[in-house]
Each structure stands twice: as structure tokens, then as C-alpha cells.
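> just the structure for this:
(2 chains)
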Number of protein chains: 2
Amino acid sequence: MPDRKAVVLLSGGLDSCTAAAMARAEGYRLFALSFDYGQRHDRELQAARDVAAALRVEEHRVLRLPIGELGGSSLTDPSVDVPDAPPAAQIGMQIPSTYVPARNTIFLAFALASAEVAHADTIMIGANALDYSGYPDCRPEYLEAFERMADLATRAGVEGRGVRIWAPLLSMTKKDIVEAAVAVDAPLHLTWSCYRGGDKACGTCESCVLRRKGFAEAGREDPLAYEVG
Amino acid sequence: MPDRKAVVLLSGGLDSCTAAAMARAEGYRLFALSFDYGQRHDRELQAARDVAAALRVEEHRVLRLPIGELGGSSLTDPSVDVPDAPPAAQIGMQIPSTYVPARNTIFLAFALASAEVAHADTIMIGANALDYSGYPDCRPEYLEAFERMADLATRAGVEGRGVRIWAPLLSMTKKDIVEAAVAVDAPLHLTWSCYRGGDKACGTCESCVLRRKGFAEAGREDPLAYEVG
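A predicted model of the protein is given here:
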């Protein structure tokens, strides 16, 4: 197994936990990054710490970012409610208020800096563009454009060692993701997905709805407890 | 004059002050962003505040970013000395230790978020790829790739309102920049360029050397006092 390093973006949710476990299964040394950015569901950060420990990552940094200060999202603005998910057929058709402007670009930029310093050749992101909320910065064409830009941005790129943006969940359904997670023994019992950040997951926000759909379709029991059954 | 908004990256140095003054001269409403990222020359932030006030920007945010924590640069690591500039002919031939991994990608990512929230159609950066230090993320091909990525990253892009990365100094010499600054009445007396962050500008780091070259070749007096005459 080659000695390869991957910077993994670890939110604490289902998708990033699965992606990180896939990288571990491939033998990567893992450098995890999480972000405290004013998200109302900051308990996902404890989930990220637990997942990182369970995956025995080499390093886990939680970086505080002033994204919430910029506004523009119900996920970081306590004066705006997080909406319930729309009917299933409409999910992903419009960009919802939980979209955080340029969030993945900011996260990937820090991952790029981290990869440059650690000499990692891979950045791992659990982005998904099928059972997803329609966020523009989860689409394959966006990630490809980021990768092209990244090759021009760094010393590594100038020296001919590009960085790969690896998004293995990109075209999976949530059912596929749950099955992939089980296959690589991802610690799903430690994850947190709900946007609302209560004591129990709400069960009705878009993130909960998509997650529950995945577990139900895979015929697996979701280890999370929900407010709404 | 159309009511157009530009997010301007304002470091407090010669180049960004000139770029911002050019945007003001074109009639843009200015939204300035500066970053406190652990740079040893953090007095440039006071310069940025003074420049922002002199240019009567609509808003000036100073965001604290955990870039220094990631390491990899003499500009943020107090245990590594900032080197003197190499001989003039060698400047820009190699990436120096003052390079901060992925810095412009991180800065531009925050500018993109800010532009998305403010509905600005332009991001202004004082990057220069002629009389410069060889940083990969100042090159035109990098900025073009960022712009392509940005169009795919945001709600504005999805709705057909792309954002322009405007870097008017890109192919100017430092002499050209000083002359452009004078032409648009940029408040150069308020700027700070030295990397070393002492009471007086050192005069010998690469940033000082490039700046002084510009003033000397333009036949203008540099309003800054230097340690080394």
C-alpha cells in the first residue's frame, strides 16, 4: 500500500463519515478538517470529533471561520428558521435557504492549504449531487473546475504534483451511500445530520429527510433518534 | 454611472490600495475585505483600515482566519525569519518562503461569499504577475481558473449572473502601478508593504524592494520611512 495522504473534509454527517471511511479503507493516511462557522447545528462538530477518533485519523483540526458573519443563510442566521423539506419530488430543484454562500469553496480552499503543507495528494469531500439539496457547489462540474484551479494555485501544482479532488459519493443515491458506509464499516452511529441542532434530530428538515430516505431504502436501521417518527 | 458593487481585497499595501482606488474611480460601490491571518506584519491591517476610510468604502470587514495555524510560511511562522530579497534578476524566479499556501484562494473564496451576499458583480484583487515574488496564485491563468470555478459555485452563477475577477495590475510593472496610483489619487501615504512588521519598513525584504523599485522608476517619492536608506 503506498504511503499516501488525504485531507478529508469532515462535517460530522453521514456523507463525510462515509467518504472518510472509504479513504481509510483505501489505505490513505487521513488529515481531517472540520469547521466551526457559526452553523446552528454545531453539535455536528462533536460528531466530527467522534468520527475522527473512531477512524483513527492522524490529525484532526477544527478551524473557526467567520462565515456566519457574512450572512445570507438560514443555517447561520438565528433570526431565520430552517425550513422543513419540500415534497420529495421537489428536493434539489431549487436552492434552499440553508445554502451557505461559497461554503464549499471556502472549505476546499482550506483543504488545499492543508494539503499543500502536509504534502497530501488528495482532498476528500463527501459531496453528493443526486439525493441532495441543489447546492451549486456540490455539482461535478464545480468540483472539476475547483480541481483545475487548485493545480494552478499551489507550489505543488507548479512542481507538477497536482491535487485530486476525490468525491466518491457524487453520483450515489442516499441508499447507495448507506450501503457503501456499511461496506467500509463507517461509524454511522457517531454521525449527526440534522440542521436544526436540537437535542434530538428533527426528522423533517431536508438533511434529516434525505438521510432517513437513504436508511429506509437500504433497509437499514438509522442509529439516530428523531423527534418525528 | 451604473450602480455596481465590487468586493475589494484590501491588504493595506501599495497594490491593493491602487486597485481599490481604480475601482472607486470607475464609480463602483466598494465593499472591502481584509484578513487577520496571523501575518507578522499585522500593522498592514491598520493601513487597510486607513485606506478604506480614505476611499470612503461602503463597508469594511476585517475577518480573522486560522491560516497561520496551518503553517508552511515564514510570513506567519515567528520561528522562521523573513529573508532579504534576492538580487533583482532572481526575484520571481522561485517561490520564496514568504509564500502562504493557498492564501489567495482562501481570500478570494471569502470575497466570493461576500459578493454573493452583497450582489456584487466584481471582485477586485491587486495581484501582479510581473514585478512580483513568483507566488503561483498571482498568475493570470490562476485567476482565470478561479473565475471559471466561481461561476459554478454560487447562486449568482446558476442564475446567470457571474462574478468577474478584476485584476487590473496583473501585467503592470511596479513603476506602472505607482503611476496608476497617482492618476487615481490613491492614498499611498496610508499604505504599508513591509513583511517584517517593525516600527519602520525594513527596506530589504522582497516586498520593500519591489515597492521601492516602483517609486524610484516612477520618479516619485515614497511616503514611507525605511530602516535602510
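
> contacts only, for the nearest residue to residue A:180 once chain neighbours are set aside.
Spatial nearest neighbour of residue A:180, chain neighbours left out: residue A:18 (5.7 Å); criterion: Cβ to Cβ, 6 or more residues apart in numbering or on different chains. To be clear about C-beta, it is placed using only N, CA and C from the backbone, and glycine gets the same treatment. Neighbouring residues of residue A:18 by Cβ atoms under 8 Å, 6 or more residues apart in numbering or on different chains: A:126, A:169, A:177, A:180-181, A:184, A:186, A:188.

> just the C-alphas of the helix or strand hosting residue A:18, formatted as CSV.
Here residue A:18, judged by DSSP states H and E, is contained in helix A:14-25. This file holds the C-alpha atoms of helix A:14-25, laid out as CSV (Å, rounded to 0.1, in the frame of the first residue of the first chain):
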residue,chain,number,x,y,z
LEU,A,14,-23.5,10.7,7.1
ASP,A,15,-21.8,11.6,3.8
SER,A,16,-18.4,12.9,5.0
CYS,A,17,-18.2,10.0,7.5
THR,A,18,-18.7,7.5,4.7
ALA,A,19,-16.2,9.3,2.4
ALA,A,20,-13.6,9.3,5.1
ALA,A,21,-14.1,5.7,5.9
MET,A,22,-13.7,4.9,2.2
ALA,A,23,-10.4,6.8,2.1
ARG,A,24,-9.2,4.8,5.2
ALA,A,25,-10.3,1.6,3.5
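
> picking up where we left off before, and the residue nearest to residue A:180, how far is that from residue B:165?
Residue A:18 sits 34 Å away from residue B:165, going by Cβ to Cβ, to the nearest Å.

> just to revisit the earlier point, the contacts of residue A:18 in helices, which ones?
Among the contacts of residue A:18, DSSP state H puts A:177, A:180-181 in helices.

> does chain B have contacts with stretch A:107-120?
Yes. Using Cβ under 8 Å from any Cβ of the partner chain, stretch A:107-120 comes into contact with chain B via A:108-110, A:112-114, A:116-117.

> which pLDDT value belongs to residue A:44?
Looking at residue A:44, its pLDDT stands at 94.

> just the terminal-to-terminal distance for stretch A:90-104.
Distance across stretch A:90-104, first residue to last, is 23 Å (Cα to Cα, to the nearest Å).

> residue A:72: which element?
Under the criterion DSSP H and E, no helix or strand holds residue A:72.

> the residue lying closest to it once chain neighbours are set aside: neighbour count?
What sits nearest to residue A:72 in space, not counting adjacent residues and going by Cβ to Cβ, 6+ apart, is residue B:117, at 3.9 Å. For residue B:117, the count of nearby residues is 16 (other Cβ atoms under 10 Å in any protein chain shown).

> same question, residue A:141
By other Cβ under 10 Å, 13 other residues sit near residue A:141.

> surely it meets residue B:149?
No. With contact defined as Cβ atoms under 8 Å, residue A:141 does not reach residue B:149; the gap is 9.6 Å.

> tell me the contacts of residue A:124?
By Cβ under 8 Å, 6+ apart, the contact list for residue A:124 reads A:6-9, A:19-20, A:22-23, A:28, A:166-168.

> returning to what we had before: what's the closest of the contacts of residue A:18 to chain B?
Of all these, chain B sits closest to residue A:126, with 17.1 Å by Cβ to the nearest Cβ.

> touching, the closest one and residue A:9? I think so.
Yes. Counting by Cβ under 8 Å, residue A:9 is a contact partner of residue A:126 at 7.0 Å.

> check whether the longest strand anywhere in chain A comes near chain B.
With secondary structure taken from DSSP state E, chain A has its longest strand at strand A:29-36. No. For a cut-off given as Cβ under 8 Å from any Cβ, strand A:29-36 has no contacts with chain B; the smallest distance is 9.5 Å.

> distance from the very next helix or strand once past that strand to the middle of the chain?
Later in the chain than strand A:29-36, the nearest helix or strand by DSSP H and E is helix A:43-54. On the basis of Cα atoms, centre = their mean, to the nearest Å, helix A:43-54 sits 12 Å off its chain's mean C-alpha point.

> now do helix A:43-54 and strand A:29-36, the angle between them.
Orientation note: helix A:43-54 sits at an angle of 170 degrees relative to strand A:29-36 (axes from the mean of the first three to the mean of the last three Cα atoms, to 10 degrees).

> contacts for helix A:43-54 next, please.
For helix A:43-54, the surrounding residues in contact (Cβ under 8 Å, 6+ apart) are A:10-13, A:16-17, A:20, A:32, A:34, A:36, A:60, A:62, A:187, A:190-193, A:197.

> now the residue of chain A most remote from its centre: how far from residue B:104?
Within chain A, residue A:159 marks the point farthest from the mean C-alpha position, 29.3 Å out by Cα atoms, centre = their mean. The gap separating residue A:159 from residue B:104 is 18 Å, by Cβ to Cβ.

> what's the average pLDDT for stretch A:145-164?
Mean pLDDT, stretch A:145-164: 96.

> try stretch A:174-192
Rounded mean pLDDT across stretch A:174-192 is 98.

> just how off-centre is that stretch within its chain?
13 Å.

> any idea how far apart the tips of that stretch sit?
In stretch A:174-192, first residue to last residue: 15 Å (Cα to Cα).
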